[in-house]
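> Everything below, folded, please.
(one chain, ligands or ions: 1)
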Amino acid sequence: MVDNNFVENLDLLQFTMDIIKNNGPIVHFNLAGQSNVLLNDPEDLKILLSSSSNINKGSDYDTLKPWLNEGLLLSTGSKWQYRRKLLTNTFHMKTLAMYVPSLNRHSRVLVDKLLHASRNEEISIKEYITLCSLDMLCETIIGTEMKAQEGESVQYVNSINSACRSAVDQMFKFWLWIDVVFRMSSTGRTYFKSIKVLHDYTARVIKNKKTSMDKSKSPSEEKKHRKSFLDLLLDASRNETVPMTDQDIREEVDTFLFEGHDTTSTSMTITLILLAMHRDIQNKAREELRSIFGDSDRDATTEDLNAMKYLEAIIKESLRLYPSVPFISRELQTTLNLKNYSIPPKTTIIVTPYVLHRNEDIYPNAEEFVPERFLDMNNKDKFLFGYLPFSAGPRNCIGQKFAMYQMKSVISTILRKAKIETSATKKDIKISAELVIRLVSPIKLKFYEL
Ligand code: HEM
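Model (predicted):
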């Protein structure tokens, strides 16, 4: 009999790591009548993730369906293919460059908040970073000033937090897997109440956007404002033979806001913690920034962000040790022929980047924080399917370039203005697996103005 405490206290990442260590890189197990395979071999992962026929997500994602409906993360088949193409065209490099000034502005607000809050004591930074990330996303994705860092939009922020908590409850408490039980539970009721707030908000923004687009049709007027992802999506949809409905657009916007905010803020939080613990690496990153900006306080341009190679290596190494997305899964539609095994349809394949990224054959001294490994070009091929923070293949993360700009903007702005310290050490970093990974207990940092 599995009891509540066992489930709540189970360290899923360590548990998975131990199973793979003791049984090898392919492990089969049955759970609740479902056949599952843990896969941890880079060559086999290449076969799985490059497949264009096995792109369906596992049933663990079902929890998110009432919230994200059939947005890009959860859709499949021809719907996913069509949307992926449309959204890739909408979210390309030229668009991203347009967003840099807004990233700079929100990063500056964040540094001031961190310096102010940590004047007299070490502080936990996750909430500050999350609010900054939400402000950045809302402005760039939906073209709306959320002002979460200024204490506004409280209802939206609270709803996103409680929807995530309830989704995690359903995912990890097997008695809530029965839909009717979940719907009647208090966590289930909170979930549906929260996603109604989130849906109403997005629907309102889309309606207002459409009305203002209809009013200002002249190109000169359209050019005057910087276009958000939503503006571009509405433009693209108008040119399609069958334009997207408001519901279609809403599910994509909800998906981008959900996928974009917590993944990036978790990664930025952990990277800043690692930098506080490794002062030599922090100083080296600051030297790189000095070589780009000199003593100037000017904003970063897209070219500056592209030039931050050492900072990029730091972020990649932080995502190696602590990949924001703990599990990636696929439910097979066709037989998967791996190097030594054939896996039948209907099996769920589970990939754990956290475990894969600790393979000593690929990453010598895997537990150590060594950004330099990402500067060594000899490692490039080795890392391909052995490095999956953004997954890989046709269903990889569509937002990874945007995420990298966002993270570079925030971290470089902080490093240019402040020195970061902490009394915590590596052993204090304890992670649990939820929708994204979580620090089991917060790690406190202090920021000193330079
Ligand atoms: C550090 C930041 C991020 C990490 C680590 C990350 C990671 C991932 C991973 C692992 C997947 C694949 C999930 C799966 O197959 O189950 C994914 C998919 C996705 N991500 Fe990200 N992500 C990040 C930031 C973002 C941002 C900023 C956005 C958008 C603004 C975004 C939008 C998406 C979308 C829409 C998908 C679904 C793609 C598809 O199925 O075609 N992500 N992400």
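> how about the residues of the protein near the ligand?
Residues of the chain found near the ligand (CB under 6 Å from any ligand atom) are 57, 72-73, 84, 255-256, 259-260, 263-264, 267, 324-325, 328, 389-391, 395, 397-399, 402-403. For the C-beta atoms, the positions are set from N, CA and C on the backbone; glycine is no exception.
> So which of those sit within strands?
residue 328 (DSSP state E).
> Rounded mean pLDDT for the helix or strand containing residue 165, please.
Element membership for residue 165 (DSSP states H and E) is helix 154-172. Mean pLDDT, helix 154-172: 91.
> Name the residues that touch that helix?
The contact list for helix 154-172, computed with CB atoms under 8 Å, 6 or more residues apart in numbering, reads 7-8, 60, 63-64, 67, 131, 134, 146, 148, 176-177, 182, 187-188, 190-191, 193-195, 197-198, 201, 257-258, 261-262, 434-435.
> what residues are up against the closest residue to the ligand within the chain?
Going by CB to the nearest ligand atom, the ligand is nearest to residue 399 of the chain, at 2.2 Å. If a contact means CB under 8 Å, 6+ apart, then residue 399 has 91, 256, 259-260 as its contacts.
> Least confident of those?
Lowest in pLDDT among the contacts of residue 399 is residue 91, which has 81.
> thinking that one is in contact with residue 397, fair?
No. The criterion here is CB atoms under 8 Å, and residue 91 misses it with residue 397 at 10.9 Å.
> Quick check: buried residues in stretch 341-361?
Under the neighbour-count criterion of 16 or more other CB atoms under 10 Å, stretch 341-361 has 343, 347-359 buried.
> Could you do stretch 59-73 as well?
So stretch 59-73, judged by 16+ other CB under 10 Å, has buried residues 60-61, 63-64, 66-73.
> Let me have those residues in CSV, extended by secondary structure and pLDDT.
Listed next are these as CSV, based on DSSP: H, G, I helix; E, B strand; the rest coil; pLDDT from 0 to 100:
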residue, secondary structure, pLDDT
60, helix, 85
61, helix, 89
63, helix, 92
64, helix, 94
66, helix, 95
67, helix, 95
68, helix, 96
69, coil, 95
70, coil, 94
71, coil, 94
72, coil, 95
73, coil, 95
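> Need phi/psi at residue 368.
Dihedral angles of residue 368 (phi, psi; degrees, to the nearest 10) stand at phi -80, psi 150.
> How many residues are close by it?
Residue 368 sits with 12 neighbouring residues when counted by other CB atoms under 10 Å.
> how near is it to residue 213?
Residue 368 sits 52 Å away from residue 213, going by CB to CB, to the nearest Å.
> Likewise for residue 410?
31 Å.
> of those two, who's got more company?
Set residue 410 next to residue 213 and count neighbours by other CB under 10 Å: residue 410 wins out with 26 against 14.
> Might one say that that one is in contact with residue 109?
No. Judged on CB under 8 Å, residue 410 makes no contact with residue 109 at a distance of 10.6 Å.
> shared neighbours, these two?
Counting by CB under 8 Å, 6+ apart, the residues touching both residue 410 and residue 109 are residue 132.
> Would you mind identifying the next helix or strand past the helix or strand of the chain with the lowest mean pLDDT?
Scoring the helices and strands of the chain by mean pLDDT, DSSP states H and E places helix 219-224 at the bottom, with a mean of 48. Toward the C-terminus, helix 219-224 is succeeded by helix 229-238 as the next helix or strand (DSSP H and E).
> got a list of contacts for that following helix?
Here helix 229-238 has contacts from 86-87, 89-91, 95, 140-143, 205-206, 209-210, 213, 227, 243-244, 248-249, 252-253, 256, using CB under 8 Å, 6+ apart.
> Show me how to select, in PyMOL, the buried members of those residues.
Buried residues among the contacts of helix 229-238 (16+ other CB under 10 Å), as a PyMOL selection:
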select buried, resi 86+87+90+91+95+140+141+142+143+205+206+209+227+244+248+249+252+253+256
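> Which members of the contacts of helix 229-238 occur in helices, if any?
86-87, 89-90, 95, 205-206, 209-210, 213, 248-249, 252-253, 256 (DSSP state H).
> thinking again about what came up before, how about the helix holding residue 165, which residues are buried there?
Result for helix 154-172 [16+ other CB under 10 Å]: buried residues 156-157, 159-160, 162-164, 166-172.
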